[in-house]
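Asks: Just a sequence and a predicted model for now, questions to come.
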Protein chains: 2
Amino acid sequence: DTVLVDRPTFAGALVAFSMQRPVFVGVDIESDGSDVPGMRLKLEELQLKGKKPKFIYVVPDFQNPTGITMSLAKREALLDLSYQFDVPIVEDSPYRDLRYQGETIPAIFTLDQRREGGRVIGLYTFSKLFCPGMRVGFNIGPAAVIERMTHIKEGNILNTPKYNQDICTAFLEDMNFEAHISKCQDYYREKLAIFLETMEEYFPPEMGVTWTLPEGGLFLWVTLPGHIDTDELFFDAIEHKVAFVPGEQFYGEKPDHNHMRINFSFVSKEQLAEAVKRLAECIRKRL
Amino acid sequence: DTVLVDRPTFAGALVAFSMQRPVFVGVDIESDGSDVPGMRLKLEELQLKGKKPKFIYVVPDFQNPTGITMSLAKREALLDLSYQFDVPIVEDSPYRDLRYQGETIPAIFTLDQRREGGRVIGLYTFSKLFCPGMRVGFNIGPAAVIERMTHIKEGNILNTPKYNQDICTAFLEDMNFEAHISKCQDYYREKLAIFLETMEEYFPPEMGVTWTLPEGGLFLWVTLPGHIDTDELFFDAIEHKVAFVPGEQFYGEKPDHNHMRINFSFVSKEQLAEAVKRLAECIRKRL
């Protein structure tokens, strides 16, 4: 089977899909989301070979690992591809509610519902919008697909722990969902702002380092000059007691080596600023 | 791949293994556990075809669905097969601590440790010995196998929910494990006794119905005259507001149709007696 993905894309999804040993076809992501014309070309190439991807996998909102959000126009265009080539879209959106600025863009699932529907499978989780370690998720999609997913899940883990489902039910029924999300947004918004400010201070343009400007989510993506291998840089960073995820893991095929995924959600504001300073030192040594 | 199993065996394992589309080779279980000479014959047959099962799967303690326990002699003999044919044993033992009478028999894993070791993978869970719905399990086996299982688990569900692991840790550290197990044993022992008494009362020998006599666990296995299909009987039973699991689901291949798995652990003592009475009525109608 073939799966069409962004380059880079969520490493956990690549690992999960890998259990079925698919061929990943990747297209470089752009600052406003998937390169839809690039994906069209791949679909045409595959079509000539008589092949059709099993699905297109995207994380349209504050993508893991880049923090990039797909524009409305691209969501519609991606949906066009789905209809034209008869390939479903798997829309993974764990961070969707964690928007810190700008307007929420309709989910591809929603856009599909406004047309014929049935082309999009939506993946969501309580682990990001309620609290981590919950491991309770929910899916939307055609009934036949959800039923099949239920069977696969049953084969793998029988079912989701009862207590965790109960905790999530209580969260939805008894807590103020809007107030909770709003609190999370304020909390992360401030951290992201500090992170970006410190990046500007310690990574002046002449360093040749660039980064994405997420409007939400938990990550951003830093691109270093091409000769710096972030797999190696990682060990320097660890020695300076700062960590990131080397970009290599986020590629279905032909990984780039000069990227880092930075998580700004967990550490304190003070630690964030210090971490950026230390990272800058490590990178300077390799320029 | 081929997997060697008892007939019948745990349906959940069959479903889990089925995800890799194996061929199940089944050997009828005996009242003291797996038919080891029968399994030897199957291994020899496969060997002649140049085939070797991926593993032998057994539930040696109070087997699901039959409640049968494998004797010490058979455990050693099964281990002999494992060494001779170089086929690992997967020992699934969720009910091991729920013994209501008789002596605990060493786990096959333990017997293997007394020889060379490395032949047995042990599967355990907190869902039966602590409380249901916990969905936290633990495995023992060669480090390389456990590492591989960890990766597969990571691909499937990333990790076990943190809270559930914490609850199980607290159970082991802060609760009196022995006292808890002893309480569970008393609770289930009484139910099993009532169940067996009522069975003797409502299923006189001339009915041609037989059942296993488990020394522990949560189930027993009832065998009806061959012409009664328990898949059909199930609907009669449901109408009389009593349920069982039709035996058919517990076969890797060539299912038998005249068995029922009965769970005596959940309902009250009064309900148990009434349930047996109603089941007997349903069966009488089909004799």
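Replies: Structure's in. What do you need? Numbers count the residues shown, from 1 in each chain, chains lettered A, B, ... in the order given.
Asks: Just give me the neighbour total for the residue of the stretch 151-287 of chain A found nearest chain B.
Replies: When scored by C-beta to the nearest C-beta, the stretch 151-287 of chain A has A:Lys162 as its residue closest to chain B, at 3.2 Å. Every residue, glycine included, has its C-beta placed from N, CA and C. Neighbours of A:Lys162 under the rule other C-beta atoms under 10 Å in any protein chain shown: 15.
Asks: got it, and A:Thr104?
Replies: Look at A:Thr104: counted by other C-beta under 10 Å, it has 12 neighbours.
Asks: Look at it and give its secondary structure.
Replies: The three-state label given to A:Thr104 by DSSP: H, G, I helix; E, B strand; the rest coil is coil.
Asks: follow-up on the earlier one: spatially nearest residue to the residue of the stretch 151-287 of chain A closest to chain B (excluding sequence neighbours)?
Replies: B:Gly133 (3.2 Å; C-beta to C-beta, 6 or more residues apart in numbering or on different chains).
Asks: Kindly report the same for A:Met19.
Replies: In space, A:Met19 is closest to B:Gly155, 5.0 Å off (C-beta to C-beta, 6+ apart).
Asks: check which helix or strand covers A:Leu233.
Replies: If you go by DSSP states H and E, A:Leu233 is part of helix A:230-239.
Asks: Could you list every helix and strand in contact with the next helix or strand after that helix?
Replies: Counting by DSSP H and E, the next helix or strand C-terminal to helix A:230-239 is strand A:245-246. Under the contact definition 3 or more C-beta pairs under 8 Å, 6 or more residues apart in numbering or on different chains; DSSP states H and E, strand A:245-246 sits against helix A:230-239, strand A:259-263.
Asks: ok so, going back, what packs against the helix holding A:Leu233?
Replies: strand A:245-246, strand A:259-263, helix A:269-286.
Asks: What's the mean pLDDT across the first one?
Replies: On average, the pLDDT along strand A:245-246 is 97.
Asks: Please work out which of the helices and strands packed on helix A:230-239 is packed deepest.
Replies: Among those, strand A:259-263 has the highest mean neighbour count (mean count of other C-beta atoms under 10 Å in any protein chain shown), at a mean of 22.
Asks: in its sheet, what does it sit against?
Replies: strand A:219-223 (antiparallel), strand A:245-246 (antiparallel) (DSSP bridges).
Asks: Which residues outside it are in contact with it?
Replies: A:8, A:64-66, A:195, A:211, A:218-224, A:230, A:233, A:244-248, A:250 (C-beta atoms under 8 Å, 6 or more residues apart in numbering or on different chains).
Asks: near chain B, which residues of the stretch 151-287 of chain A?
Replies: A:152, A:154-164, A:167 (C-beta under 8 Å from any C-beta of the partner chain).
Asks: And the residue in the stretch 1-150 of chain A that chain B sits nearest to, how far from B:Pro161?
Replies: In the stretch 1-150 of chain A, the residue that lies nearest chain B is A:Gly133 (3.2 Å; C-beta to the nearest C-beta). Distance of A:Gly133 to B:Pro161, given as C-beta to C-beta, to the nearest Å: 6 Å.
Asks: repeat for A:Ser34
Replies: A:Ser34 is 32 Å from B:Pro161, by C-beta to C-beta.
Asks: what's the answer for A:Gly122, then?
Replies: Taking C-beta to C-beta, one finds A:Gly122 at 22 Å from B:Pro161.
Asks: same question, A:Lys285
Replies: 41 Å.
Asks: and if you look at A:Leu46?
Replies: 38 Å.
Asks: So the two - more neighbours on which side?
Replies: The neighbour comparison of A:Leu46 against B:Pro161 (other C-beta under 10 Å) goes to B:Pro161, with 24 against 18.
Asks: Now stretch A:233-249: buried residues?
Replies: A:233-234, A:236-237, A:242, A:244-249 (16 or more other C-beta atoms under 10 Å in any protein chain shown).
Asks: hang on, I meant stretch A:154-173
Replies: Neighbour-count burial for stretch A:154-173 [16+ other C-beta under 10 Å]: A:155-157, A:160-161, A:163-164, A:167-168, A:171.
Asks: what's next to the helix or strand bottoming out on mean pLDDT in chain A, contact-wise?
Replies: The helix or strand of chain A with the poorest confidence is helix A:126-129; it has a mean of 86 (mean pLDDT, DSSP states H and E). With contact meaning C-beta under 8 Å, 6+ apart, helix A:126-129 is reached by A:94-95, A:97-98, A:133-138, A:168, A:171, A:181, A:184, A:218.
Asks: Just the C-alphas of that helix, formatted as CSV.
Replies: Output of helix A:126-129 as CSV, limited to C-alpha atoms (Å, rounded to 0.1, in the frame of the first residue of the first chain):
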residue,chain,number,x,y,z
PHE,A,126,-8.3,14.0,24.9
SER,A,127,-4.6,13.8,25.6
LYS,A,128,-3.9,17.3,24.3
LEU,A,129,-7.1,19.2,25.1
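Asks: Can you name the next helix or strand after it?
Replies: Next element after helix A:126-129 (DSSP H and E): strand A:137-140.
Asks: for that next one, packing partners?
Replies: strand A:120-125, helix A:126-129, helix A:143-157.
Asks: okay, these in TSV with distance to B:Thr110 next?
Replies: Listed next are the helices and strands packed on strand A:137-140 as TSV, based on distance: least, C-beta to C-beta, whole Å:
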stretch	distance to B:Thr110
strand A:120-125	40
helix A:126-129	38
helix A:143-157	27
